[in-house]
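1. I would like the atomic coordinates for the input below:
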Amino acid sequence: MTARPGREAIFEQFAADGLTVMFGNPGTVEQGFLDAMRDVPDFRYVLALQEATAVGIADGYARATGGPALVQLHAGVGLGNGIGMLYQAMRGHSPLVVVAGEAGVRYDALDAQMAADLVAMARPVTKYATRVLHPGSLLRVLRRAVKLAMTPPRGPVFVALPMDVLDQPTTETAVATTIPSRSVLPVPAELDRAARALAGARNPVILIGDGVAEAGAQAELARVAELVNAPVWGVNDSELNMTGTHPLYRGQMGHMFGTVSEPRVADADTVLIVGTYVFPEVFPLLENPFRPDATVVHIDLDDYEIGKNHPVDVALVADPKPTLAALAGALADAGAASRPASLPRRSWAAPPVTADDPLMRLFAAALAEQAGPDLVVFDEALTASPDLVRQLPPRVPGNYFQTRGGSLGVGITGAIGAKIARPDAEVVGFTGDGGSMYTIQALWTAARYRVAAKFVICDNDRYRLLDLNLDQYRAERGLPAHAYPDAFHLGDPAIGFVELARSMGVAGERVEKSGEVTAAVRRMLAHSGPYLVDLVIE
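-> As a prediction, this is how the structure comes out:
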């Protein structure tokens, strides 16, 4: 292979892996490869005005495409700005390949301006973090990063690229990264144990997470649930793992308090856990919430999560899709399909709405009526989310994404990333007034690149989720109700979201009355570019 500078060779490697879009914010120590990027054909750089915004957009892109997504951050300061969103990506197993420049290996001893241990900074919020030290291993390291990002359990990876290493020549050949298959089944004896436990269940429950969606195992999961007639609860459930209209789907456990999850599993004699960890609440129970005599079966490719917090009887480190298919076959052979249904099957119908209903409910109903069946929703509505999903339950795999990991600001950025990934889809992102301000500058990126995503800000003048969590805190401690902290209030001064959007090139309008909703939805969907609706929900 002919020698060429590493700053040019990296783009050959990106092309070999199909990475043709880079989300980022430029900096001085990245200027060499960003300058070389100008001569790379069919490569696109999406400029974000802050690193958290770049990571959030890339996260939405990776979720909509299945990844990987390429992100460029600026040295230690930029990596620091992106860490909250990287935590979100790590918790959600988003396959991001994150690179950041640094001045150079030659300057290590000088402790110069912007010097930082980038690998140590990135390690807690990534699956893998490393630094390239020699041009002869540059492309090899990038391939390793792509492989690790894309091998289940997926996750973000980080590579530090010193400028002096990139300036040196390399003769490495750019070839496509090998992504190992983990489409594996358990050994037959272990699968039989799982089938026997479920076949003999009298009061089973199924807990699911995004490992189902990652494996494309929604149909197989639904078949197993139907065979054993078990209610299905979403645990770490931020994508469509089971259609929201399925009569056995019961919704989400909740993410904050273990006391909410406990009664939903306490009476189960058999528990099937698929593609998630248990339990992901902020304040989980310290004791085991399952019955002492319950049989627990856990299927996941992430062996770290199986039995991590609570004992498991049948632990299957396997791909959920073929494993659930084999389990369904075994259950059918055992006569599970002929068992009398003891659990009522509930059919779904859109709840009726009236002009007196909350604006969020009316808006969601109008969107459900006017948008096409392939509408993509990015849901960071938080306390307003129940009204959204009651009218627009997730029904199409890959068309619903919810916030995960606890980082605010993903509603706008995620919608932009999803729209870049799927330009022909109608994409609407929902966020709160508080959450939107973490990444509001992403609207500028949408306008600059004519990304015609739509954005709805659920505006209640406060961090409403904190109100609800404080209510729970006070109740648990027997504290009397009183005024909420002033720090939860956002209305003084009021934020002009429509004016902010227009200042960055995005059209929009404010909706305050029920009679304005239908026309506002119509204008939003008809607009040819990005559009923002400030929906005053309280």
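2. who's H489 bridged to?
-> R462 (DSSP bridges).
3. tell me how many other residues surround it.
-> 12 (other Cβ atoms under 10 Å). All C-beta spots, glycine's among them, are computed from the backbone N, C-alpha and C.
4. that one is in contact with R464, isn't it?
-> No - between H489 and R464 there is no contact under Cβ atoms under 8 Å: 10.5 Å.
5. the closest residue to H255 other than its chain neighbours and T259, how far apart?
-> Leaving aside its sequence neighbours, H255 sits nearest to E281 (Cβ to Cβ, 6 or more residues apart in numbering; 5.8 Å). Shown here: E281 relative to T259, a distance of 9 Å by Cβ to Cβ, to the nearest Å.
6. cool, S503 as well?
-> 44 Å.
7. who's more crowded, the two?
-> Neighbours per residue, other Cβ under 10 Å: of S503 and T259, the larger number sits with T259, 15 against 11.
8. could you pull up phi and psi at P204?
-> phi -80, psi 160 (degrees, to the nearest 10).
9. tell me the secondary structure at L466.
-> helix (DSSP: H, G, I helix; E, B strand; the rest coil).
10. excluding chain neighbours, what is closest to it?
-> F488 is the one closest to L466 (Cβ to Cβ, 6+ apart), at 4.9 Å.
11. with A103 instead?
-> Nearest to A103 is V29, by Cβ to Cβ, 6+ apart, at 5.3 Å.
12. what is the neighbour count of the closest residue to H93 other than its chain neighbours?
-> In this structure, H93 finds its nearest non-sequential neighbour in R154, 4.6 Å apart by Cβ to Cβ, 6+ apart. By other Cβ under 10 Å, the residues close to R154 number 24.
13. cool, P247 as well?
-> Neighbour tally, P247, other Cβ under 10 Å: 16.
14. quick check: the gap between it and D59.
-> Noted for P247: a distance of 32 Å to D59, by Cβ to Cβ.
15. remind me, longest helix of the chain?
-> Longest helix in the chain by number of residues (criterion: DSSP state H): helix 75-92.
16. what about that one, distance to the chain center?
-> 14 Å (Cα atoms, centre = their mean, to the nearest Å).
17. list the helices and strands it packs on?
-> Secondary-structure packing of helix 75-92 (3 or more Cβ pairs under 8 Å, 6 or more residues apart in numbering; DSSP states H and E): helix 51-65, strand 69-73, strand 96-102, helix 118-122, helix 410-421.
18. now the longest one against strand 69-73, angle please.
-> With axes from the mean of the first three to the mean of the last three Cα atoms, to 10 degrees applied, the angle from helix 51-65 to strand 69-73 works out at 170 degrees.
19. tell me what angle helix 51-65 forms with helix 75-92.
-> 40 degrees.
20. then the last one?
-> Going by the same axes, to 10 degrees, helix 410-421 is angled at 90 degrees with respect to helix 75-92.
21. now for helix 410-421, which elements pack on it?
-> For helix 410-421, the packing partners by 3+ Cβ pairs under 8 Å, 6+ apart are helix 51-65, helix 75-92, strand 376-379, strand 427-432, helix 433-436, helix 442-448, strand 454-459.
22. export these to JSON lines and tack on mean neighbour count?
-> JSON lines is the format used below for those (neighbours: other Cβ atoms under 10 Å):
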{"stretch": "helix 51-65", "mean neighbour count": "30"}
{"stretch": "helix 75-92", "mean neighbour count": "22"}
{"stretch": "strand 376-379", "mean neighbour count": "25"}
{"stretch": "strand 427-432", "mean neighbour count": "29"}
{"stretch": "helix 433-436", "mean neighbour count": "25"}
{"stretch": "helix 442-448", "mean neighbour count": "24"}
{"stretch": "strand 454-459", "mean neighbour count": "29"}
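23. quick one, which of those is nearest to A129?
-> helix 75-92 (9.9 Å; Cβ to Cβ).
24. just the CA coordinates of that closest one, formatted as CSV?
-> Output of helix 75-92 as CSV, limited to C-alpha atoms (Å, rounded to 0.1, in the frame of the first residue of the first chain):
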residue,chain,number,x,y,z
ALA,A,75,-9.9,17.4,22.9
GLY,A,76,-10.6,17.2,26.6
VAL,A,77,-12.9,20.3,26.8
GLY,A,78,-15.1,18.9,24.0
LEU,A,79,-15.1,15.4,25.4
GLY,A,80,-16.1,16.9,28.8
ASN,A,81,-19.1,18.7,27.1
GLY,A,82,-20.2,15.5,25.5
ILE,A,83,-19.9,13.2,28.5
GLY,A,84,-23.5,13.5,29.7
MET,A,85,-24.8,12.4,26.3
LEU,A,86,-22.1,9.7,26.1
TYR,A,87,-23.5,8.3,29.3
GLN,A,88,-26.9,8.2,27.7
ALA,A,89,-25.5,6.3,24.7
MET,A,90,-23.7,3.9,27.0
ARG,A,91,-26.8,3.1,29.0
GLY,A,92,-28.8,2.7,25.8
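25. compute the inter-axis angle for it and strand 96-102.
-> Using the same axes, to 10 degrees, helix 75-92 lies at 170 degrees relative to strand 96-102.
26. use 43 as the first number from now on
-> Yes, from this point I'll number from 43; that puts the last item at helix 117-134.
27. in its sheet, what does whatever helix or strand T172 lives in sit against?
-> In the assignment (DSSP states H and E), T172 maps to strand 170-173. When pairing is defined by DSSP bridges, strand 170-173 lines up against strand 199-204 (parallel).
28. what's the first helix or strand after the partner strand?
-> Remark: after strand 199-204, the chain's next helix or strand is helix 205-209, criterion DSSP H and E.
29. show me what counts as buried in that next one.
-> By neighbour count with 16 or more other Cβ atoms under 10 Å, helix 205-209 contains the buried residues 205, 207-208.
30. packing partners for that helix?
-> By 3+ Cβ pairs under 8 Å, 6+ apart, helix 205-209 packs against helix 48-58, helix 73-79, strand 138-144.
31. can you put the ones you listed in a markdown table and add mean pLDDT?
-> Putting those into a markdown table (pLDDT from 0 to 100) gives the following:
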| stretch | mean pLDDT |
| --- | --- |
| helix 48-58 | 97 |
| helix 73-79 | 94 |
| strand 138-144 | 97 |
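32. among these, which is the most enclosed?
-> Highest mean neighbour count among the helices and strands packed on helix 205-209 (mean count of other Cβ atoms under 10 Å): strand 138-144, with a mean of 27.
33. can you list the strands that that one pairs with?
-> Going by DSSP bridges, the partners of strand 138-144 are strand 111-115 (parallel), strand 199-204 (parallel).
34. quick one: contacts for the closest residue to P68 other than its chain neighbours?
-> For P68, ignoring the flanking residues on the chain, the nearest one in space by Cβ to Cβ, 6+ apart is L76 at 5.4 Å. Each residue near L76 by Cβ atoms under 8 Å, 6 or more residues apart in numbering is listed here: 68, 87, 114.
35. and those residues, which is closest to A370?
-> Q114 (44.1 Å).
36. can you give me the neighbour number for the residue lying closest to D344 once chain neighbours are set aside?
-> Leaving out its chain neighbours, the residue that sits closest to D344 by Cβ to Cβ, 6+ apart is P195, at 3.9 Å. By other Cβ under 10 Å, 16 other residues sit near P195.
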